[in-house]
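A.B. asks: test case, fold it:
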Amino acid sequence: MTAVREELVETNPVTGAERPKVRRRKWRILEPVEVGRVLRAFTDEQARVMFLTLVLTGVRRFELLALRWRDVDLVESVLRVRESKTEDGERAIALSPILVEAVVAHPERSAFKGADELVFCHPKCGSRIDHEWYAGEFRAALKAVGITDYVRPFHDLRHASLTNGAAGGETPIALMARAGHRSMATTNQYVPWPASCSATRPQRSSSGYSALLPTTDTPFRWTSRCSGGSTSSR
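C.D. replies: As a prediction, the model looks like this:
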């Protein structure tokens, strides 16, 4: 310490003191049935599609906000992540039917549909959407369905996507590729693999999210209706 060097004090008074333990906040993973409830609770359609994209693809926040229409192939049902923090993060992710349906309806509510324009953008000027705005919409949806736990609006949904994907039958290799991880060691930090899991385990198309699909009890269809909240400044 400077005070010791300057001989203002003989010893460092905090030497040997125990550092206080700071509890690390654990992530909160939404279960598939909770995902379905939260999905239906959104009042803004753009925020709803953002949420669905996060939980079904597991993309990172900056990857989601950087998506442009040229990155979305609705014919092949593929989303291409071109802007990522590493080369391993540049990848193609298969889109589930419910996400394809949602993304198809999304341009009908937007004036910005060019190949180089952002998929999720400010409804008036087409600029990159404010992630804090989405966070507010997400927290409102959580509150509406009675979820009071702290859930991070982006990273916890990435955790949920990977964990529920594993529960739904995705193989470790498939999950690593979808997440854009360089090694399986990183993927293992997200997913508590059961002992019986193997790289050759058959995949299921539902990826653990069968609760999202419309049923006679909880009907849900995407519409081209533009909600009032989506026209506010972001």
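
A.B. asks: could you find the closest non-adjacent residue to the residue most central in space within the chain?
C.D. replies: Centroid-nearest residue in the chain: Leu54, 3.0 Å away (criterion: CA atoms, centre = their mean). Sequence neighbours aside, Leu157 is the residue nearest to Leu54 in space, at 4.1 Å (criterion: CB to CB, 6 or more residues apart in numbering). Every C-beta, even on glycine, is put in place using the N, C-alpha and C of the backbone.

A.B. asks: so what's the residue count around Thr163?
C.D. replies: Neighbour count of Thr163, defined by other CB atoms under 10 Å: 20.

A.B. asks: same thing with Arg182?
C.D. replies: 13.

A.B. asks: show me what contacts it?
C.D. replies: 86, 88 (CB atoms under 8 Å, 6 or more residues apart in numbering).

A.B. asks: same thing with Thr186?
C.D. replies: Thr186 touches 176, 179, counting by CB under 8 Å, 6+ apart.

A.B. asks: for Arg48, same thing?
C.D. replies: Here Arg48 is in contact with 39, 42, 102 (CB under 8 Å, 6+ apart).

A.B. asks: residues contacting the second one?
C.D. replies: With contacts defined as CB under 8 Å, 6+ apart, the neighbours of Phe42 are 48, 51, 137, 141.

A.B. asks: which of those lies closest to His181?
C.D. replies: Nearest to His181 among these is Phe51, at 22.4 Å by CB to CB.

A.B. asks: that closest one against Leu157, yeah?
C.D. replies: Yes. Taking contacts as CB atoms under 8 Å, Phe51 lies within contact range of Leu157: 7.2 Å.

A.B. asks: more crowded one of the two?
C.D. replies: Leu157 (29 against 24).

A.B. asks: how about whichever strand or helix holds that one: buried residues?
C.D. replies: Per DSSP states H and E, Leu157 falls inside helix 155-167. For helix 155-167, a neighbour-count test (16 or more other CB atoms under 10 Å) marks 156-167 as buried.
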